[in-house]
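Q: With the input below, show me the fold.
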Amino acid sequence: MFNFLPILREAIARWWSEFTLQTKLMAAATLAVSLLMSGLTFWAVNTIQQDVRLNDTRFGRDLGLLLAANVSPLIAEDNLTDLARFSARFYSSTSSVRYLIYANEEGEIFFGIPYSTAEVKNSLTIERRIQLPENYGENGETPLIRQHKTPDGEVTDVFVPLNHEGKYLGVLAIGINPNAIVVASSNLTRDVTIAVFVSIWAMVILGAVFNALTITKPIKELLVGVKNIAAGNFKQRVDLPLGGELGELILSFNEMAEKLERYEEQNIEEMTAEKAKLDTLMSTIADGAILLDTNFQLLLINPAAREIFGWEDREIIGQNVLHLFPSELTVKLTKPLYQIAAGEPLQNEETANQNQKNAVINQENNNYAPAEFRLSLTYPKPCTIRILLTQVFDQYRENVRGIAMTLQDITRETELNEAKSQFISNVSHELRTPLFNIKSFIETLTEFGEDLSDTEKREFLETANHETDRLTRLVNDVLDLSRLESSRNYNLDALDIGQLIEQTLRTYQLNARDKGLELSSDIEANLLPILGHYDLLLQVLTNLVGNSLKFTPAGGKVVIRAYKISRDNPQETVKIRVEVSDTGIGIDAEDQSAIFDRFYRVENRVHTLEGTGLGLSIVKNIIEKHYSQINLISEVGIGTTFWFDLDLYQGLIASKKINDVSL
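A: Below you'll find the predicted structure:
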């Protein structure tokens, strides 16, 4: 061996010495150029391979995150059937994925493609696991990526944590196949370069020029395309008239971009469908709903909220809601909205206690209880609203992405609460007065009965009896209203309206004479029987006539009328109209719309409250039980007329409207 080396060196030196200086210079230049070009070629191939590996890494990461986001809800619901179906469809739709493996929180594999757990396990089954770093589920928020060598090339392994609603469910492992075309192209380039370099130096230069013209440009185009794909531009295409492996690579790239574009369009369609569902749901919600971004620009609003603020015909999406709200609401909500947008918890009179109770839970969940506000508005219409402000977080519940506002019109509720409070106060007063009088007179009779004359004793007893009757009427009104508003049934039968009116006149005739009033009736002759309940209709007439007598000054008139209503259409059923008219003090227009509400009472001219406010509400309920409604016409200082229509008994039977009338 050692003797051969000197001989080889001498032979090479002799061979080299036979060349001319020009040949030596050309050979040296060719060698230098070939070495330089070869080095550049190998460097370019290595750079391309690194870029492809990087792109494979990015592609695998993005693909893993996309797949994890779709399968996490299925795993959370333990829906392995849909998981397997979705994974199989996904795996079969692309050749870039070598395997899909799902493991639970402990790293135990429960499903994979092409690997999957056996349907029947036994003692010989080898449990397969994925070895993950310690506390990977608690601290892992981004995918882990690695590469390993295989006979088919370098495979990129991507490990993506599976999280759903803040809960760690396991890990998804995806194997990304190496780009066979790029690998083959790189190997081919290297082999051709070596062959040309060894065979002839001149061909190295030509090969380098050829490679520069035929490979570098497509690779750059592909790099640009891959970067655009990574940036989300799935419309990117490489349009170069090349054949061979580069042509196949470009074709594969274009096919991949087309599939991604279709997938994106499908996602957009699904998102559009979900948005349509959300819009439909929002439009059917009875309460108002508004969604704002952190700059208070309006993103979404439903018709109920538009109606509350009078925005039905205005284009307000994208505008700052603080510039749209009524002034009193803007003043009330400006500071809370800025606090919510900054991620600060709110403490106000409605939510302070609740936030204090849930402070620890809310802090752990990075969430706060909704802030509640109540406000009375005068524009665009007088109303009282209840507002709930809720923070909208991102998917990791770390940053505030928006503000949700829920609006409830509680005007009716507020009015009822005020009316009930007033009713309780009035009833308490009405109960206390007769009870006090009864107790006082009875105590007087008990303690000083021997000192009182028979006349005084009789007066005391009559007063106590009168107060007892007054107390009984109050209790009966409350009981009557409760019974009418219940589901109790009342049987309707044929009645003579004239008989009802005559009985009412007999009841109040003496009372009217004592007050100096004229009480009369005006009944049309030969009226047919009506369908109704005698006691209930009698209660209606006594209530209406009693109110008329109560609020009509001396010298006035109260008239009860009953007559048949003429109809323009002969097919319509004839009805009997009943009216109670007086020449009393009348009712203001602003009180007429609420006069039939429970507990509502109107102050008369001397500012004293009469009755309990239940009489007309009882009348309204009784008339509704007779398939009709009570109406009124009134003018202050002129008088008031209450009227309602009743069905004829024979008319109902003839038209077969009912077979067995019961309520």
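Q: how close does Gln395 get to Ser72?
A: From Gln395 over to Ser72 the distance is 10 Å, taken as CB to CB, to the nearest Å. C-beta: built from backbone N, CA, C; applies to glycine.
Q: And the two? Which one has more around it.
A: Per other CB atoms under 10 Å, whichever of Gln395 and Ser72 has more neighbours is Ser72, with 20 against 11.
Q: Do I have it right that that one meets His164?
A: Yes: counting by CB atoms under 8 Å, Ser72 does reach His164; the two are 4.2 Å apart.
Q: Could you list every helix and strand in contact with the helix or strand where Glu154 lies?
A: Per DSSP states H and E, Glu154 falls inside strand 153-164. With contacts taken as 3 or more CB pairs under 8 Å, 6 or more residues apart in numbering; DSSP states H and E, strand 153-164 sits against helix 21-76, strand 144-150, strand 167-176.
Q: Show me what the longest one is packed against.
A: The one in question is helix 21-76. With contacts defined as 3+ CB pairs under 8 Å, 6+ apart, helix 21-76 has these neighbours: helix 80-92, strand 97-103, strand 144-150, strand 153-164, strand 167-176, helix 180-199, helix 201-211, helix 217-230.
Q: And the ones you listed, which one averages the lowest pLDDT?
A: Within the helices and strands packed on helix 21-76, the stretch with the lowest mean pLDDT is helix 201-211, showing a mean of 53.
Q: Could you check stretch 105-114 and say which residues are buried?
A: By neighbour count, and taking 16 or more other CB atoms under 10 Å as the criterion, the buried residues in stretch 105-114 are Glu105, Ile109, Phe111, Gly112, Ile113.
Q: for stretch 84-99, same thing?
A: Residues Ala84, Ser87, Phe90, Tyr91, Ser96, Val97, Arg98, Tyr99 are the ones in stretch 84-99 that count as buried (16+ other CB under 10 Å).
Q: Need the max-distance pair from those.
A: Spatial extent of the buried residues of stretch 84-99 (CB to CB) is set by the pair Ala84 and Ser96 at 20.1 Å.
Q: Quick one: the strands in the stretch 451-600 of the chain, in order.
A: Taking DSSP state E, counting those that start in this stretch to define them, one finds strands in the stretch 451-600 of the chain at 493-495, 518-523, 530-532, 557-564, 575-582.
Q: List the neighbouring strands of the second one plus their orientation.
A: When pairs are called by DSSP bridges, strand 518-523 turns out to pair with strand 557-564 (parallel).
Q: How about the strand it pairs with, which residues are buried there?
A: Neighbour-count burial for strand 557-564 flags Lys557, Val558, Val559, Ile560, Arg561, Ala562 (criterion: 16+ other CB under 10 Å).
Q: Dump it to PDB, restricted to CA.
A: Only the C-alpha atoms of strand 557-564 are listed here, as PDB (Å, rounded to 0.1, in the frame of the first residue of the first chain):
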ATOM      1  CA  LYS A 557    -128.700  61.200  35.000                       C
ATOM      2  CA  VAL A 558    -127.800  57.500  34.700                       C
ATOM      3  CA  VAL A 559    -129.400  55.500  31.900                       C
ATOM      4  CA  ILE A 560    -129.100  51.800  31.000                       C
ATOM      5  CA  ARG A 561    -129.900  51.000  27.400                       C
ATOM      6  CA  ALA A 562    -130.300  47.800  25.500                       C
ATOM      7  CA  TYR A 563    -130.900  47.500  21.700                       C
ATOM      8  CA  LYS A 564    -130.300  45.300  18.700                       C
END
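Q: and the direction of it versus that of strand 575-582, what angle?
A: If you take axes from the mean of the first three to the mean of the last three CA atoms, to 10 degrees, strand 557-564 sits at 170 degrees to strand 575-582.
Q: For the residue nearest the centre of the chain, give me its contacts.
A: Computing the C-alpha centroid of the chain and ranking residues by CA atoms, centre = their mean puts Met282 first, at 6.0 Å. For Met282, the contact set (CB atoms under 8 Å, 6 or more residues apart in numbering) comprises Ala289, Leu300, Asn302.
Q: If we use 6 Å, what do you get?
A: Shown in contact with Met282 (CB atoms under 6 Å, 6 or more residues apart in numbering): Ala289, Asn302.
Q: pLDDT wise, what is it at?
A: Reported pLDDT at Met282 in the predicted model: 70.
Q: did I read that right, it in a helix?
A: Yes: according to DSSP: H, G, I helix; E, B strand; the rest coil, Met282 belongs to a helix.
Q: Please report the distance of it from Gln297.
A: For Met282, the distance to Gln297 equals 17 Å [CB to CB].
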